[in-house]
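Colleague: Provided below for reference: sequence and predicted model.
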Protein chains: 2
Amino acid sequence: MTKTAAIIGGGVIGGGWAARFLLNGWDVRVFDPDPEVARKIREVLDNARHALPSLSDRVMPAEGKLSFHATIAEAVRDAAYIQESVPERLDIKHTTFAAIHAAAHPEAVIGSSTSGFKPSELAQGAENARQIMVCHPFNPVYLLPLAEVVPSPETSDAALKRAFSVLKEIGMKPVKIRREMDAHVADRFLEAVWREALWLIKDDVATTEEIDDIIRYGFGLRWAQMGLFETYRIAGGEAGMAHFIEQFGPALKWPWTKLMDVPELDDALVRKIADQSDAQSGMYSIRELERIRDTNLVLILRGLKTQNWGAGAVLNNIDSAAKDAAGLPDLQGLVRTLHRTVPLDWLDYNGHMTESRYLHAFADATDRFMEIIGCDAEYIASGGSYFTAETHIRHLDEVHAGAEITVDTQVLKGVGKKMHLFHRMHHADGRLLATGEHFLLHVSLKTRQSCPPAPHIEANLLDISRNHAALPMPEGAGRAISKP
Amino acid sequence: MTKTAAIIGGGVIGGGWAARFLLNGWDVRVFDPDPEVARKIREVLDNARHALPSLSDRVMPAEGKLSFHATIAEAVRDAAYIQESVPERLDIKHTTFAAIHAAAHPEAVIGSSTSGFKPSELAQGAENARQIMVCHPFNPVYLLPLAEVVPSPETSDAALKRAFSVLKEIGMKPVKIRREMDAHVADRFLEAVWREALWLIKDDVATTEEIDDIIRYGFGLRWAQMGLFETYRIAGGEAGMAHFIEQFGPALKWPWTKLMDVPELDDALVRKIADQSDAQSGMYSIRELERIRDTNLVLILRGLKTQNWGAGAVLNNIDSAAKDAAGLPDLQGLVRTLHRTVPLDWLDYNGHMTESRYLHAFADATDRFMEIIGCDAEYIASGGSYFTAETHIRHLDEVHAGAEITVDTQVLKGVGKKMHLFHRMHHADGRLLATGEHFLLHVSLKTRQSCPPAPHIEANLLDISRNHAALPMPEGAGRAISKP
């Protein structure tokens, strides 16, 4: 089977799955009887193209091929992965699974986006129950990494293993739920919070906006990076987790939630919530809110990436795998030291890549070059590194978010503790965007003074600088900003 | 009354309040009979000093004076703001409030950190009930902006107004709760999630680690920036909020939560959670977890700051107020264009400010200089701006997180569309850290071609460049990296 995914049901969730697969290089075959399906999927795809590449510090695979099909049979044929996102009615789910079974490859993974049904309910009476499981994603599917994977007792280990492998390949964090249960895990939390929120609004304790503020200025900031238990572990302090739980045990007997009871969702309460929500967010269209949300998520995820923590560590693993797969660049000619897209957080108020991110890209290129000659993380941990002493940048052209850029590096000098590099940054369309000329010194991280590098680094650098001695001196090298 | 806060109860929460007040320039007087209180407060303060200044893109006020006192009377005397964070027992709270009342200024705000009690319970029988309210913070108090402010029916509007003013001044986002209720708002959500989580662990549906992953790879990322209702508004799409709620109404009748019932918190369940938590996070000490959490929060909050959204907008408002208060710098000599501390996210693997952040700081200095000569946000929106064409940086010395840095700017040339600037970056200890020489061109944002600026900008620039013509040419200006 090739990298082909079938998306059955093309709403917000199905569209999010389609976008995630496509932008990770999979071909996607969509079935949805809705005559508007192509428009709806393109809208989700536009959002995904805007935001998802910013999560990578490399270049994403070439986008896969998107096609629409008139029948389920046609959509699922040859698909290695099939995701069902049809309405939440068990009769519709059963009809859909029967049609999938009639045409699907017997080794294909069949995942369901259901929020509430147990996989054994979905697979009731199905001959191919071994292929069926819940793979429950979170909106926006193209950005949020979580997939709750819930096998039924009949799901095969082989199918589960293939599902994990595919979900990881498309950048997700699959978490296997140990026992099937109505609404799995996350939606049980969301439902509990939702029920409590309905009471708070009905009883005029807080408005929708006040509730949102209480979440996003408070515990929401904790939950984006640690969850419930790691947060409480810290709150418990050195006394430990058991102490913390016992201390908070009495609250279980207190009237701290109305969740023994749920409010009547009558017209008046629906209207109240809708009106409050208009007052809070009505100044933005849904499309604007989606873009704001997505850019915020990119920022948060890229921040976590710099700390190699949680959802950021998942993203780094993907970057590392791509780097390992690419291997060492050619060292005879110019050395390719950077190949990435410009992420959303590299822009400024002029709408283009801001000047300090040119140096960020050049510094990443220098880091990669150091790694190539042996000054890698292990060597740096042993106490040696290169520090930049002097930099000259010419900003020659503008570049915008989502653009693919490369940096190629020429060694102008590489002798003893001295390293003189010249970087050229190009847009994928061939335009020269900038040049960066950098003079570095090897230093001891103990004394913070310059000193010669380890012999293998000196030798590697010398090899490349001998190769590069044959190259012409770059235009702009050694140039200064002329004195007035 | 001066900027003096009294902290009654110096545990993790009281310590967090103390740190937030101190680092925002308030004197803090602590009362806690615990002989270890000074050590405990210093530990929280160490964490706060490490992280809180990174939320500012300016310099925080000089730290206030911390003192410890043997009696409540001594601690609260002359305090404009008094925060009670003693154990959650109503008899202890009442004794504490009586002692506060005996010595406090009649205009002082008296806030309680209680998680559960209603303010009318706290103020029962108190003569000064008008001063008393709940000001419920979230751990870590020095970083998380939310304070739930709950007045009792007897709390005066004047006291409430003063509380809001103080809480905003120390960087918080106070949210007034409309009706007092057990556990206010946030802890009702947390309690609902906690009760559900206890069931999931007891029933072996998921471990503590799996639950945390489900939160932080999924809806936790949404809740750090939007809350519940704005997130669901997006999910509802163009059909609107009322449609969304009605669609999800049926789930209220489904068995999606066990919250009609709470599990028995017996020794076996406590042990099970503690063991799972050890397996998940036991490789880190609590101190390490605190540092990881705080750096992550700084990253998330600084990310939201770049988008001027949610908790980030609160931080930007504080920076703007400080900037407005500082006014225009002197334009006769070198122009002070930057004064800030180095935030945590500006470091690299060598442990010092990474090279691209030198250019980031210089670019911010250039932006400030542009604003000073009239090229401000309004002018840029009208279609003109300056683009940097060429940059030369000398990295002369290292600088670390938390250091105070300044940039002073000399105009080397400012004629027509050309602007040639020379920035000097100093550490507060006097060391010259770097110089940045920049050649900029004024451009039309429509044609993306260079063109003369508006006459008032040209005139302002010319004035300053004439003043600066008398200054000596800076050492290092016009310098190039010498060709090998």
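Modeller: Yep, that arrived.
Colleague: helix or strand with the lowest mean pLDDT in chain A?
Modeller: Ranked by mean pLDDT, DSSP states H and E, the weakest helix or strand in chain A is helix A:241-248, scoring a mean of 70.
Colleague: who are the contact partners of the residue lying closest to A:D212 once chain neighbours are set aside?
Modeller: Excluding its sequence neighbours, the residue lying closest to A:D212 (Cβ to Cβ, 6 or more residues apart in numbering or on different chains) is B:G227, at 2.7 Å. In this view, the C-beta of every residue, glycine as well, is placed from N, C-alpha and C. Counting by Cβ atoms under 8 Å, 6 or more residues apart in numbering or on different chains, B:G227 touches A:211-216, A:220.
Colleague: taking the residues you listed one by one, which sit in helices?
Modeller: Taking DSSP state H, the ones among the contacts of B:G227 that sit in helices are A:211-214, A:220.
Colleague: nearest to A:M473 among these?
Modeller: Among these, A:G220 lies closest to A:M473 (Cβ to Cβ), at 54.7 Å.
Colleague: burial of the closest one, as a residue count?
Modeller: 28 (other Cβ atoms under 10 Å in any protein chain shown).
Colleague: which strand residues bridge the closest residue to A:T71 other than its chain neighbours?
Modeller: Once flanking residues are discounted, A:T71 sits nearest to A:F31: 6.8 Å by Cβ to Cβ, 6+ apart. According to DSSP bridges, the residues that bridge with A:F31 are A:I8, A:H69.
Colleague: again, but for A:H427
Modeller: Following DSSP bridges, A:H427 is listed with bridge partners A:I405.
Colleague: pretty sure it is touching A:V407, no?
Modeller: No - in this structure A:H427 lies outside contact range of A:V407 using Cβ atoms under 8 Å: 11.4 Å.
Colleague: neighbour count for those two, which is higher?
Modeller: Between A:H427 and A:V407, A:V407 has the larger neighbour count (other Cβ under 10 Å), namely 26 against 17.
Colleague: the more buried one should be in a strand, yeah?
Modeller: Yes - assessed with DSSP: H, G, I helix; E, B strand; the rest coil, A:V407 lies in a strand.
Colleague: how about it, what does it touch?
Modeller: A:336-339, A:361-362, A:364-365, A:423-426, A:436.
Colleague: measure it to chain B for me?
Modeller: 13 Å (Cβ to the nearest Cβ, to the nearest Å).
Colleague: what about the contacts of A:V407, which are in helices?
Modeller: Those of those lying in helices (DSSP H): A:361-362, A:364-365.
Colleague: now the buried members of the residues you listed.
Modeller: A:361-362, A:364-365 (16 or more other Cβ atoms under 10 Å in any protein chain shown).
Colleague: now these as TSV including pLDDT and distance to B:T2?
Modeller: Shown next, in TSV, are those (pLDDT from 0 to 100; distance: Cβ to Cβ, whole Å):
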residue	pLDDT	distance to B:T2
A:A361	97	50
A:F362	98	50
A:D364	95	50
A:A365	97	54
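Colleague: what is the nearest of those residues to B:E36?
Modeller: A:D364 (46.4 Å).
Colleague: wait, that closest one sits on A:L338?
Modeller: Yes - A:D364 is in contact with A:L338 according to Cβ under 8 Å; the separation is 5.7 Å.
Colleague: if we can go back for a sec, could you dump the contacts of B:G227 to a markdown table with pLDDT?
Modeller: Conversion of these to a markdown table gives the following (pLDDT from 0 to 100):
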| residue | pLDDT |
| --- | --- |
| A:I211 | 92 |
| A:D212 | 89 |
| A:D213 | 89 |
| A:I214 | 94 |
| A:I215 | 92 |
| A:R216 | 89 |
| A:G220 | 92 |
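Colleague: which two of those residues have the greatest separation?
Modeller: A:I211 and A:G220 (11.1 Å).
Colleague: list the residues that contact A:A73.
Modeller: A:99, A:102-103 are the contacts of A:A73 under Cβ under 8 Å, 6+ apart.
Colleague: for ChimeraX, what selects the buried ones among the residues you listed?
Modeller: Only the buried entries of those go into this ChimeraX selection, using 16+ other Cβ under 10 Å:
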select /A:99,103
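Colleague: what is the nearest of the contacts of A:A73 to B:G111?
Modeller: Distances from B:G111 to the contacts of A:A73, taken by Cβ to Cβ, are shortest for A:A99, at 61.7 Å.
Colleague: what's the closest non-adjacent residue to that closest one?
Modeller: A:A99 sits nearest to A:I72 (Cβ to Cβ, 6+ apart), 4.1 Å away.
Colleague: burial count for the closest residue in space to A:T207 that isn't next to it in sequence?
Modeller: Nearest residue to A:T207 in three dimensions, chain neighbours excluded: A:Q276, at 4.7 Å (Cβ to Cβ, 6+ apart). Neighbourhood size, A:Q276 [other Cβ under 10 Å]: 20.
Colleague: now do A:L328
Modeller: Residues near A:L328, counting by other Cβ under 10 Å: 9.
Colleague: contacting residues around A:Q225?
Modeller: Counting by Cβ under 8 Å, 6+ apart, A:Q225 has contacts A:304, A:309-310, B:216, B:220, B:293, B:296-297, B:300.
Colleague: got these as a markdown table, with secondary structure columns?
Modeller: Below are the contacts of A:Q225 laid out as a markdown table (three-state DSSP):
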| residue | secondary structure |
| --- | --- |
| A:L304 | helix |
| A:W309 | coil |
| A:G310 | coil |
| B:R216 | helix |
| B:G220 | helix |
| B:R293 | helix |
| B:N296 | helix |
| B:L297 | helix |
| B:I300 | helix |
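Colleague: just the buried ones among those, please.
Modeller: For those, a neighbour count by 16+ other Cβ under 10 Å gives the buried set as A:304, A:309-310, B:216, B:220, B:293, B:296-297, B:300.
Colleague: including distance to A:L198, could those go into CSV?
Modeller: CSV is the format used below for the buried ones among the contacts of A:Q225 (distance: Cβ to Cβ, whole Å):
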residue, distance to A:L198
A:L304, 32
A:W309, 34
A:G310, 30
B:R216, 25
B:G220, 21
B:R293, 31
B:N296, 31
B:L297, 30
B:I300, 28
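Colleague: which of the residues you listed lies closest to B:R178?
Modeller: B:G220 (26.6 Å).
Colleague: quick check: phi and psi at A:L445.
Modeller: phi -70, psi -10 (degrees, to the nearest 10).
Colleague: related to what we said a few turns ago, how about the ones in helices among the contacts of A:V407 in CSV, adding distance to A:M241?
Modeller: Shown next, in CSV, are the ones in helices among the contacts of A:V407 (distance: Cβ to Cβ, whole Å):
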residue, distance to A:M241
A:A361, 44
A:F362, 46
A:D364, 40
A:A365, 45
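Colleague: what subset of those is also close to chain B?
Modeller: A:F362 (Cβ under 8 Å from any Cβ of the partner chain).
Colleague: spatially, which two of the ones in helices among the contacts of A:V407 are the most separated?
Modeller: A:F362 and A:D364 (7.3 Å).
Colleague: what's the neighbour count on the closest residue to A:K323 other than its chain neighbours?
Modeller: Nearest residue to A:K323 in three dimensions, chain neighbours excluded: A:R58, at 6.8 Å (Cβ to Cβ, 6+ apart). By the measure other Cβ under 10 Å, the count of residues near A:R58 is 17.
Colleague: how about A:E209?
Modeller: 17.
Colleague: and it, how far is that from chain B?
Modeller: From A:E209 to chain B the distance is 8 Å (Cβ to the nearest Cβ).
Colleague: same check on A:N350?
Modeller: 6 Å.
Colleague: my read is that that residue contacts B:G384, right?
Modeller: No - shown here, A:N350 and B:G384 do not form a contact pair, counting by Cβ under 8 Å, at 10.7 Å.
Colleague: where do the contact lists of the two overlap?
Modeller: Common contacts of A:N350 and B:G384 (Cβ under 8 Å, 6+ apart): B:L445.
Colleague: show the pLDDT at the residue nearest to A:D212.
Modeller: We have a pLDDT of 80 for B:G227.
Colleague: residue ranges in chain A under the pLDDT threshold?
Modeller: Scanning chain A for pLDDT under 70 picks out A:1, A:238, A:240, A:246-265, A:484.
Colleague: done for today, thanks.
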